[in-house]
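Asker: Just to be clear, the model below is a prediction. Sequence and coordinates:
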Amino acid sequence: MAAKQPPPLMKKHSQTDLVSRLKTRKILGVGGEDDDGEVHRSKISQVLGNEIKFAVREPLGLRVWQFVSAVLFSGIAIMALTFPDRLYDAVFEGAHVTSKTPIRLYGGALLSISLIMWNAFYTAEKVIIRWTLLTEACYFGVQFLVVTATLPETGLVSLGILLLLASPLLFVAVSVYYYYQVGRKPKKV
């Protein structure tokens, strides 16, 4: 009895067999569009999701604005905590400080807000950025109302007070602009 030789093995080249590749991808459930219209290249990307749609598309200049705000809040807070009489003199030009405690409390509040600003500067989460911008806009809005209401009471009109009246309006406008820009729905690419 002669041993019969097995036929030579036919090696299938699935890389070149287009129909085989398409069938395999169909079985795995990749390559086609899902409900959101996204085409996944692998099962892993399909399961984990596409991180691009979660990324915040930041408006131009947002990070610069956050940095300027954090530095401004920190600088005024440190000045109010360490040199309350100089800060009062810079704003009210020559008026005498009766008590340093309210100015230092103001500095403590600003320092707390500045810590929130610095944390928002380093985050990429849309909600945190928006809440920080809203906090900033509310702070400057309240500051404008308080200065406007106390202006007739004090009777002092100086360059510092006029600057204290004009600057919050600018800061509110910029913060509200970025608040709405960060909250906009991104365009589908």
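Answerer: It's in.
Asker: C-alpha only now, for contacts and for neighbours.
Answerer: Will do.
Asker: State which helix of this structure is the longest.
Answerer: The residue-count maximum for a helix in the chain (DSSP state H) belongs to helix 126-154.
Asker: That helix: which residues count as buried?
Answerer: 126, 128-130, 132-141, 143-144, 147 (16 or more other Cα atoms under 10 Å).
Asker: Low-confidence regions, the protein specifically.
Answerer: 1-2, 8-22, 25-56, 94-95, 156, 186-189 (pLDDT under 70).
Asker: what's the closest non-adjacent residue to the residue nearest the centre of the chain?
Answerer: Ranked by distance to the mean C-alpha position of the chain (Cα atoms, centre = their mean), the top residue is Ile129 at 3.1 Å. Nearest residue to Ile129, sequence neighbours excluded (Cα to Cα, 6 or more residues apart in numbering): Ala120, at 5.6 Å.
Asker: Okay, Arg70 and Lys185: tell me how far apart.
Answerer: Arg isn't right for residue 70; it's Ala. Going from Ala70 to Lys185 by Cα to Cα, to the nearest Å gives 26 Å.
Asker: Show me which of these two is the more surrounded one.
Answerer: Ala70 (22 against 10; other Cα atoms under 10 Å).
Asker: circling back to that earlier point, what residues are up against the residue nearest to Ile129?
Answerer: 66, 128-129, 132 (Cα atoms under 8 Å, 6 or more residues apart in numbering).
Asker: Can you tell me the SS state at it?
Answerer: helix (DSSP: H, G, I helix; E, B strand; the rest coil).
Asker: Please identify which pair of the contacts of Ala120 lies farthest apart.
Answerer: Gln66 and Ile128 (12.1 Å; Cα to Cα).
Asker: list the contacts for Ala90?
Answerer: Gly160.
Asker: Okay, buried residues for the helix or strand it falls within please.
Answerer: Ala90 belongs to helix 84-92 when assigned by DSSP states H and E. Neighbour counts using 16+ other Cα under 10 Å place 84-85, 87-88, 91-92 of helix 84-92 among the buried residues.
Asker: what about Val157, neighbour count?
Answerer: Counted with other Cα under 10 Å, Val157 comes out at 13.
Asker: ok, now how distant is the closest residue to it other than its chain neighbours from Leu162?
Answerer: Closest residue to Val157 apart from its sequence neighbours, by Cα to Cα, 6+ apart: Leu151 at 7.6 Å. Going from Leu151 to Leu162 by Cα to Cα gives 10 Å.
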